[in-house]
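# after the sequence you'll find the predicted model.
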Amino acid sequence: MTTNDRNTALQADGGPSPCASHDMAPRPPFRGAGDAPPPLPAPATWALFLDLDGTLLDLAARPDAVRPGDELAGMLVRLERMVSGALALVTGRAVEFVDELFPEQRFTVAGLHGAELRPSPSLAGHLLPPPPGTGDAAAFRAAQDLARDRALPLPGVLFEDKGRAFGLHYRQAPEQRDAVARIMAEALALAGTGHRLRDGKCVVELGPAGQDKGMIVRNLMGSAPFQGRYPVAAGDDLTDEAMFRAVNALGGLSVRVGPEEALARSAASTGIETPGAFRSWLRGMTG
């Protein structure tokens, strides 16, 4: 990266650059191989699709231990205002969990990888919800019980209940990866049609089939206030790849949060190393 590139992105201390134009957006600190992307349009013209864990939020040892920093909610409010409401949190978490993270706000949230959609109060009635799930509720509960019970004797494996989805986390016990995969495969067979598995960072989830983050981005981009804007998506995990591909097809910017080597395996067009650096980059947009 050249010195000029870095000046148009972030200063070495992680703060917004005084050299960044107010009419053009600063680029993330590093980009993928190949030609540099063209200058980005003014941030006020963007539609923002932002993942939570590992992107806006630092990862935690336990899924229930993530916490937004003191300034994150306020920054998201400013970003939402800047883009005239065209901001959505696109996450594998349930909408209810996101609301608990930000109790004073009600952002537009696409939860469970797009299986849930709750618009912000200002957009209520303007966004089409995803189609309802088609799975058998009793079979899903049986699959959930199986996964929970099978995980109990596995040290370091944590069960997460997301309502219409659940997952087994093995971040604290990476040696349990194969055992978790076997349990979740059994759970999927029990849950039956209408459900699917999703691999993530040290987690395997079972949830509604038929939706992914790419589909929800395309859905939102067809409705006001997202329609006609420059789409920008950011994420850090395998489940974000569908969102990256959707945004790329729409001519937007896709940002992979994580080490540079992860960018080489990603559909994302650009990258930034850590959630903290990504937050700093976004903070630079709001002044």
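Ah, there it is.
# skipping adjacent residues, who's closest to Pro121 in space?
Closest residue to Pro121 apart from its sequence neighbours, by C-beta to C-beta, 6 or more residues apart in numbering: Arg106 at 5.6 Å. From N, CA and C alone the C-beta is placed, and that goes for glycine too.
# do the same with Gly92
For Gly92, ignoring the flanking residues on the chain, the nearest one in space by C-beta to C-beta, 6+ apart is His113 at 5.2 Å.
# what residues are up against Glu160?
Residues in contact with Glu160 (C-beta atoms under 8 Å, 6 or more residues apart in numbering) are 63-64, 166-169, 203.
# and the residue nearest to Pro121, what element?
For Arg106, there is no host helix or strand (DSSP states H and E).
# in this structure, which spans are strands?
30-31, 46-50, 87-90, 108-111, 116-118, 158-161, 166-169, 195-200, 203-208, 230-235, 253-257, 270-272 (DSSP state E).
# Gly163: neighbour count?
Gly163 has 15 neighbouring residues, counting by other C-beta atoms under 10 Å.
# I'd guessed it sits against Arg93; true?
No. In this structure Gly163 lies outside contact range of Arg93 using C-beta atoms under 8 Å: 9.9 Å.
# rewinding a little: would you mind measuring from the residue nearest to Gly92 to Val180?
Distance, His113 to Val180, by C-beta to C-beta, to the nearest Å: 18 Å.
# who's more crowded, those two?
Taking other C-beta under 10 Å, His113 and Val180 do not tie; His113 has more neighbours (27 against 23).
# give me phi/psi at Val66?
The phi/psi pair for Val66 (degrees, to the nearest 10) reads phi -70, psi 140.
# who's in contact with it?
52-53, 57-60, 101.
# likewise Leu112?
So Leu112 contacts 92-94, 162-165, 207-208, 211 (C-beta under 8 Å, 6+ apart).
# make TSV from those residues and add distance to Pro275 and pLDDT to it.
Below are those laid out as TSV (distance: C-beta to C-beta, whole Å; pLDDT from 0 to 100):
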residue	distance to Pro275	pLDDT
Gly92	15	92
Arg93	15	92
Ala94	20	92
Lys162	21	89
Gly163	25	87
Arg164	26	88
Ala165	23	90
Gly207	23	89
Pro208	27	88
Gln211	25	86
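# show me which of the residues you listed is closest to Asp70.
Arg93 (20.1 Å; C-beta to C-beta).
# residue furthest from the geometric center of the protein?
Pro153 (30.7 Å; C-alpha atoms, centre = their mean).
# how much space between it and Ala61?
Counting by C-beta to C-beta, the gap from Pro153 to Ala61 is 20 Å.
# quick one: low-confidence residue ranges for the stretch 151-287 of the chain.
For the stretch 151-287 of the chain, the stretches with pLDDT under 70 are 287.
# where along it do the helices fall?
177-191, 213-221, 241-249, 260-264, 275-286 (DSSP state H, counting those that start in this stretch).
# any buried residues in the shortest one, and which?
The neighbour-count check on helix 260-264 (16 or more other C-beta atoms under 10 Å) flags Leu263 as buried.
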